[in-house]
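>>> what follows is a predicted protein model with its sequence.
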Amino acid sequence: MSRGNIFPFDNFLWQICQSFKKKIKYRKKECNIVKLLNPKNDYVFKRIFGQIGNEDITASLISSIVGKEITNVELDNNTILEKDLFDDKVGILDIKAKINSAINCDIEMQVVDKNDIERRLLFYWSRLFSKSIKAGKDYSKLEKTIAILITDYELESLKQIPKYQTKWQIREEEYRQVILTDVMELYIIELPKFIKYKENKKKQVDSWLKFIENPEVVNMDENAAIKKAQKELEKISSDEHERYLAELREKYIMDQKATEDAGYYKGIKEGREEGIKEGEIKRERKRKKRRKRKCSKKIIKTKNRY
(Lines give C-alpha, C1' and ligand atoms only; values in the text may rest on other atoms or scores of the structure.)
Protein backbone atom coordinates (compact mmCIF):
# COMPACT_ATOMS: atom_id res chain seq x y z
CA MET A 1 0.00 0.00 0.00
CA SER A 2 1.38 3.42 -0.97
CA ARG A 3 1.56 6.30 1.48
CA GLY A 4 -1.10 8.31 -0.49
CA ASN A 5 -3.77 5.60 -0.13
CA ILE A 6 -3.84 5.55 3.67
CA PHE A 7 -6.05 7.63 6.01
CA PRO A 8 -4.71 10.67 7.96
CA PHE A 9 -4.51 8.75 11.24
CA ASP A 10 -2.81 5.85 9.51
CA ASN A 11 -0.48 8.36 7.87
CA PHE A 12 0.42 9.67 11.33
CA LEU A 13 1.17 6.11 12.52
CA TRP A 14 3.24 5.48 9.37
CA GLN A 15 5.39 8.54 10.12
CA ILE A 16 5.95 7.37 13.71
CA CYS A 17 7.01 3.93 12.43
CA GLN A 18 9.45 5.47 9.94
CA SER A 19 10.93 7.67 12.66
CA PHE A 20 11.27 4.63 14.96
CA LYS A 21 13.01 2.64 12.18
CA LYS A 22 15.53 5.46 11.69
CA LYS A 23 16.26 5.51 15.41
CA ILE A 24 16.79 1.73 15.45
CA LYS A 25 19.11 2.01 12.44
CA TYR A 26 21.08 4.80 14.15
CA ARG A 27 21.32 2.78 17.39
CA LYS A 28 22.66 -0.21 15.45
CA LYS A 29 25.25 2.01 13.83
CA GLU A 30 26.19 3.36 17.27
CA CYS A 31 26.56 -0.16 18.66
CA ASN A 32 29.03 -1.03 15.87
CA ILE A 33 31.49 1.62 17.12
CA VAL A 34 34.38 -0.30 18.68
CA LYS A 35 36.53 1.13 21.47
CA LEU A 36 40.04 1.51 20.12
CA LEU A 37 42.80 -0.52 21.72
CA ASN A 38 45.63 1.32 23.45
CA PRO A 39 48.65 1.89 21.12
CA LYS A 40 50.88 1.97 24.23
CA ASN A 41 50.16 -1.73 24.67
CA ASP A 42 53.38 -3.09 23.11
CA TYR A 43 51.51 -5.88 21.31
CA VAL A 44 49.17 -3.34 19.67
CA PHE A 45 52.13 -1.03 19.03
CA LYS A 46 53.93 -3.81 17.14
CA ARG A 47 50.80 -4.76 15.19
CA ILE A 48 50.61 -1.16 13.91
CA PHE A 49 54.27 -0.29 13.33
CA GLY A 50 55.87 -3.73 12.90
CA GLN A 51 53.43 -5.37 10.52
CA ILE A 52 54.53 -6.24 6.96
CA GLY A 53 52.63 -3.88 4.68
CA ASN A 54 52.86 -0.97 7.13
CA GLU A 55 56.41 0.04 6.18
CA ASP A 56 55.28 3.57 5.27
CA ILE A 57 53.85 4.00 8.79
CA THR A 58 57.10 2.77 10.37
CA ALA A 59 59.19 5.00 8.09
CA SER A 60 57.14 8.06 9.06
CA LEU A 61 57.53 7.36 12.80
CA ILE A 62 61.29 6.72 12.62
CA SER A 63 61.85 9.73 10.37
CA SER A 64 60.00 11.99 12.81
CA ILE A 65 62.22 10.78 15.68
CA VAL A 66 65.67 10.76 14.06
CA GLY A 67 64.99 13.85 11.93
CA LYS A 68 66.16 12.26 8.67
CA GLU A 69 64.41 11.11 5.52
CA ILE A 70 63.68 7.39 5.41
CA THR A 71 63.51 6.15 1.82
CA ASN A 72 62.77 2.50 2.54
CA VAL A 73 62.09 0.15 5.45
CA GLU A 74 62.48 -3.63 5.67
CA LEU A 75 60.61 -5.09 8.65
CA ASP A 76 61.66 -8.24 10.46
CA ASN A 77 58.73 -10.62 10.02
CA ASN A 78 58.70 -12.60 13.29
CA THR A 79 55.50 -14.36 14.36
CA ILE A 80 54.11 -13.48 17.80
CA LEU A 81 52.87 -16.52 19.70
CA GLU A 82 50.49 -16.36 22.66
CA LYS A 83 53.27 -17.49 25.05
CA ASP A 84 55.37 -14.50 23.90
CA LEU A 85 52.86 -12.15 25.53
CA PHE A 86 54.03 -13.33 28.96
CA ASP A 87 57.78 -12.84 28.47
CA ASP A 88 59.63 -9.51 28.47
CA LYS A 89 63.18 -10.81 28.16
CA VAL A 90 63.21 -12.13 24.61
CA GLY A 91 62.44 -8.75 22.99
CA ILE A 92 59.95 -10.44 20.66
CA LEU A 93 57.60 -7.44 20.88
CA ASP A 94 60.33 -5.01 19.83
CA ILE A 95 60.16 -3.76 16.24
CA LYS A 96 63.30 -4.60 14.29
CA ALA A 97 63.84 -2.97 10.92
CA LYS A 98 66.51 -2.09 8.38
CA ILE A 99 66.17 1.48 7.15
CA ASN A 100 67.65 2.97 3.96
CA SER A 101 69.14 -0.50 3.25
CA ALA A 102 72.05 0.19 5.62
CA ILE A 103 70.92 1.07 9.15
CA ASN A 104 69.55 -1.36 11.76
CA CYS A 105 66.81 -0.08 14.02
CA ASP A 106 65.14 -1.42 17.18
CA ILE A 107 61.98 0.25 18.57
CA GLU A 108 60.61 -0.63 22.01
CA MET A 109 57.42 0.57 23.70
CA GLN A 110 57.67 0.23 27.50
CA VAL A 111 54.89 1.02 29.99
CA VAL A 112 56.19 -0.78 33.10
CA ASP A 113 58.89 1.13 34.99
CA LYS A 114 62.00 -1.03 34.82
CA ASN A 115 64.86 0.03 37.09
CA ASP A 116 67.38 -1.39 34.62
CA ILE A 117 65.82 0.04 31.46
CA GLU A 118 69.00 1.93 30.47
CA ARG A 119 71.07 -1.28 30.52
CA ARG A 120 68.31 -3.13 28.74
CA LEU A 121 68.32 -0.49 25.98
CA LEU A 122 72.09 -0.85 25.59
CA PHE A 123 71.78 -4.64 25.55
CA TYR A 124 69.21 -4.64 22.73
CA TRP A 125 71.31 -2.12 20.80
CA SER A 126 74.52 -4.17 21.21
CA ARG A 127 72.80 -7.41 20.25
CA LEU A 128 71.43 -5.88 17.04
CA PHE A 129 74.78 -4.19 16.33
CA SER A 130 76.79 -7.40 16.74
CA LYS A 131 74.37 -9.33 14.48
CA SER A 132 75.13 -6.96 11.61
CA ILE A 133 78.45 -8.70 10.94
CA LYS A 134 79.11 -12.34 10.14
CA ALA A 135 81.87 -14.35 11.84
CA GLY A 136 85.27 -13.76 10.25
CA LYS A 137 84.26 -10.50 8.56
CA ASP A 138 86.10 -7.18 9.00
CA TYR A 139 84.84 -4.79 11.72
CA SER A 140 84.36 -2.13 9.04
CA LYS A 141 81.35 -4.17 7.91
CA LEU A 142 79.51 -3.42 11.18
CA GLU A 143 76.40 -1.41 10.33
CA LYS A 144 75.08 1.70 12.03
CA THR A 145 72.47 0.75 14.63
CA ILE A 146 69.74 2.90 16.16
CA ALA A 147 67.71 2.00 19.26
CA ILE A 148 64.50 3.90 20.06
CA LEU A 149 62.81 3.59 23.46
CA ILE A 150 59.36 5.09 24.13
CA THR A 151 58.30 4.97 27.80
CA ASP A 152 55.01 5.70 29.52
CA TYR A 153 56.91 6.89 32.61
CA GLU A 154 59.77 9.22 33.44
CA LEU A 155 63.21 7.70 33.85
CA GLU A 156 64.82 8.41 37.21
CA SER A 157 68.18 9.00 35.53
CA LEU A 158 66.69 11.73 33.29
CA LYS A 159 64.70 13.64 35.93
CA GLN A 160 66.87 16.74 35.53
CA ILE A 161 66.31 16.98 31.76
CA PRO A 162 63.16 19.00 30.85
CA LYS A 163 62.88 17.41 27.38
CA TYR A 164 60.62 14.55 26.36
CA GLN A 165 63.04 13.37 23.63
CA THR A 166 66.77 12.86 24.17
CA LYS A 167 69.49 11.59 21.83
CA TRP A 168 72.55 9.72 23.10
CA GLN A 169 75.91 9.05 21.44
CA ILE A 170 79.49 8.35 22.58
CA ARG A 171 81.19 11.73 23.11
CA GLU A 172 84.46 12.96 24.63
CA GLU A 173 83.92 14.22 28.19
CA GLU A 174 85.63 17.60 27.80
CA TYR A 175 85.15 18.17 24.06
CA ARG A 176 81.42 17.45 23.92
CA GLN A 177 81.13 18.32 20.25
CA VAL A 178 83.46 15.43 19.31
CA ILE A 179 81.64 12.13 18.65
CA LEU A 180 83.74 8.95 18.77
CA THR A 181 81.61 7.21 16.14
CA ASP A 182 78.22 7.68 14.46
CA VAL A 183 77.39 3.95 14.37
CA MET A 184 75.59 4.25 17.72
CA GLU A 185 72.49 6.34 18.30
CA LEU A 186 70.02 5.94 21.17
CA TYR A 187 66.74 7.85 21.35
CA ILE A 188 64.56 7.99 24.47
CA ILE A 189 61.06 9.48 24.45
CA GLU A 190 59.23 9.91 27.79
CA LEU A 191 55.49 10.35 27.14
CA PRO A 192 54.68 11.97 30.54
CA LYS A 193 57.19 14.73 29.73
CA PHE A 194 55.53 15.22 26.34
CA ILE A 195 52.32 16.08 28.17
CA LYS A 196 54.12 18.10 30.86
CA TYR A 197 56.29 20.34 28.66
CA LYS A 198 53.69 21.66 26.24
CA GLU A 199 55.86 24.59 25.13
CA ASN A 200 58.23 22.15 23.39
CA LYS A 201 55.60 20.76 21.03
CA LYS A 202 57.08 22.00 17.76
CA LYS A 203 58.64 18.81 16.44
CA GLN A 204 57.52 16.50 13.65
CA VAL A 205 57.26 13.64 16.14
CA ASP A 206 54.53 15.44 18.13
CA SER A 207 51.71 14.24 15.85
CA TRP A 208 52.79 10.63 16.34
CA LEU A 209 53.06 11.03 20.11
CA LYS A 210 49.55 12.51 20.20
CA PHE A 211 48.31 9.44 18.31
CA ILE A 212 50.10 7.05 20.70
CA GLU A 213 48.78 8.95 23.73
CA ASN A 214 45.17 9.25 22.55
CA PRO A 215 44.24 7.94 19.09
CA GLU A 216 40.60 8.98 19.57
CA VAL A 217 41.35 12.73 19.28
CA VAL A 218 44.00 12.81 16.54
CA ASN A 219 43.62 15.36 13.74
CA MET A 220 43.42 13.04 10.75
CA ASP A 221 44.16 15.75 8.15
CA GLU A 222 47.74 16.44 9.15
CA ASN A 223 49.53 13.21 8.17
CA ALA A 224 48.63 10.46 5.69
CA ALA A 225 50.70 7.87 7.60
CA ILE A 226 48.88 8.67 10.86
CA LYS A 227 45.57 8.35 9.03
CA LYS A 228 46.62 4.88 7.86
CA ALA A 229 47.77 3.99 11.38
CA GLN A 230 44.35 5.03 12.70
CA LYS A 231 42.64 2.74 10.16
CA GLU A 232 45.00 -0.08 11.10
CA LEU A 233 44.19 0.41 14.80
CA GLU A 234 40.44 0.35 14.04
CA LYS A 235 40.94 -2.89 12.10
CA ILE A 236 42.90 -4.52 14.94
CA SER A 237 40.38 -3.29 17.54
CA SER A 238 37.50 -4.82 15.55
CA ASP A 239 39.15 -8.23 15.24
CA GLU A 240 38.02 -10.54 18.06
CA HIS A 241 41.22 -12.62 18.16
CA GLU A 242 43.51 -9.56 18.02
CA ARG A 243 41.51 -7.98 20.82
CA TYR A 244 41.85 -11.16 22.88
CA LEU A 245 45.66 -11.16 22.47
CA ALA A 246 45.89 -7.44 23.25
CA GLU A 247 43.83 -7.91 26.42
CA LEU A 248 46.03 -10.84 27.47
CA ARG A 249 49.07 -8.62 27.11
CA GLU A 250 47.32 -5.76 28.93
CA LYS A 251 46.55 -8.10 31.85
CA TYR A 252 50.18 -9.20 31.98
CA ILE A 253 51.32 -5.55 31.97
CA MET A 254 48.90 -4.69 34.80
CA ASP A 255 50.16 -7.68 36.81
CA GLN A 256 53.74 -6.49 36.26
CA LYS A 257 52.83 -3.00 37.46
CA ALA A 258 51.08 -4.44 40.53
CA THR A 259 54.19 -6.54 41.32
CA GLU A 260 56.45 -3.49 40.94
CA ASP A 261 54.18 -1.42 43.19
CA ALA A 262 53.97 -4.19 45.79
CA GLY A 263 57.76 -4.45 45.85
CA TYR A 264 58.08 -0.69 46.17
CA TYR A 265 55.67 -0.45 49.11
CA LYS A 266 57.17 -3.55 50.73
CA GLY A 267 60.57 -1.86 50.51
CA ILE A 268 59.17 1.28 52.13
CA LYS A 269 57.56 -0.77 54.91
CA GLU A 270 60.74 -2.76 55.54
CA GLY A 271 62.75 0.46 55.46
CA ARG A 272 60.44 2.01 58.03
CA GLU A 273 60.63 -1.05 60.26
CA GLU A 274 64.41 -1.09 59.94
CA GLY A 275 64.48 2.63 60.66
CA ILE A 276 62.36 2.09 63.78
CA LYS A 277 64.70 -0.66 64.98
CA GLU A 278 67.75 1.51 64.35
CA GLY A 279 66.04 4.38 66.16
CA GLU A 280 65.33 2.15 69.17
CA ILE A 281 68.96 0.95 69.22
CA LYS A 282 70.24 4.54 69.11
CA ARG A 283 67.87 5.59 71.90
CA GLU A 284 69.00 2.63 74.01
CA ARG A 285 72.64 3.61 73.45
CA LYS A 286 71.88 7.17 74.54
CA ARG A 287 70.10 5.89 77.66
CA LYS A 288 73.13 3.73 78.52
CA LYS A 289 75.46 6.72 78.07
CA ARG A 290 73.27 8.85 80.34
CA ARG A 291 73.26 6.10 83.00
CA LYS A 292 77.06 5.84 82.78
CA ARG A 293 77.43 9.60 83.16
CA LYS A 294 75.13 9.57 86.21
CA CYS A 295 77.09 6.70 87.77
CA SER A 296 80.38 8.52 87.11
CA LYS A 297 79.04 11.68 88.74
CA LYS A 298 77.89 9.71 91.83
CA ILE A 299 81.31 8.05 92.13
CA ILE A 300 83.05 11.44 91.91
CA LYS A 301 80.73 12.93 94.57
CA THR A 302 81.35 9.97 96.88
CA LYS A 303 85.12 10.32 96.47
CA ASN A 304 84.93 14.04 97.19
CA ARG A 305 83.04 13.40 100.42
CA TYR A 306 85.77 11.08 101.65
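Now that the structure is in, tell me what you want to look at.

>>> can you pull out the helices in the stretch 51-200 of the chain?
Shown for the stretch 51-200 of the chain, the helices assigned by DSSP state H, counting those that start in this stretch span residues 55-66, 117-130, 191-196.

>>> dump the ones you listed into CSV; add mean pLDDT and mean neighbour count as well.
In short, each C-beta sits where N, CA and C put it, glycine included. Formatted as CSV, the helices of the stretch 51-200 of the chain follow (pLDDT from 0 to 100; neighbours: other CB atoms under 10 Å):
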stretch, mean pLDDT, mean neighbour count
helix 55-66, 96, 21
helix 117-130, 92, 16
helix 191-196, 91, 17
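
>>> what about those helices, which gets the closest to residue 212?
Closest approach to residue 212 among those is made by helix 191-196 (7.1 Å; CB to CB).

>>> tell me the helix or strand right after the closest one.
helix 206-213 (DSSP states H and E).

>>> where does the prediction get shaky in the stretch 201-306 of the chain?
Low-confidence segments of the stretch 201-306 of the chain, defined by pLDDT under 70: 201-202, 219-222, 260-279, 288, 291-306.

>>> nearest to residue 214, out of the helices of the stretch 51-200 of the chain?
Here helix 191-196 is closest among the helices of the stretch 51-200 of the chain (CB to CB), at 10.0 Å.

>>> who touches that closest one?
Around helix 191-196, the neighbours that count as contacts under CB atoms under 8 Å, 6 or more residues apart in numbering are 40, 150-154, 162-164, 201, 206, 209, 212-213.

>>> just flag the most distant two among those residues.
Pairwise distances across those peak at 22.2 Å for 40 and 162 (criterion: CB to CB).

>>> so which of these two has more stuff around it?
Counted by other CB atoms under 10 Å, residue 40 and residue 162 do not tie: residue 40 has more neighbours, with 20 against 11.

>>> contacts only, for the more buried one.
The contact partners of residue 40, taken as CB under 8 Å, 6+ apart, are 109, 111, 152, 191, 212-213.

>>> ok, residue 128 next?
Contacts here follow CB under 8 Å, 6+ apart; on that basis residue 128 touches 96, 104, 106, 145, 147.

>>> one more pass at 10 Å, please.
Going by CB atoms under 10 Å, 6 or more residues apart in numbering, residue 128 touches 76, 91, 94, 96, 104-106, 143, 145-147.

>>> kindly report the same for residue 124.
91, 94, 96, 106-108, 145, 147, 149, 186.

>>> grab the nearest non-local neighbour of it.
Spatial nearest neighbour of residue 124, excluding adjacent residues (CB to CB, 6 or more residues apart in numbering): residue 106 at 5.2 Å.

>>> what bridges to the one you found?
When assigned by DSSP bridges, residue 106 has beta-bridge partners residue 96, residue 147.
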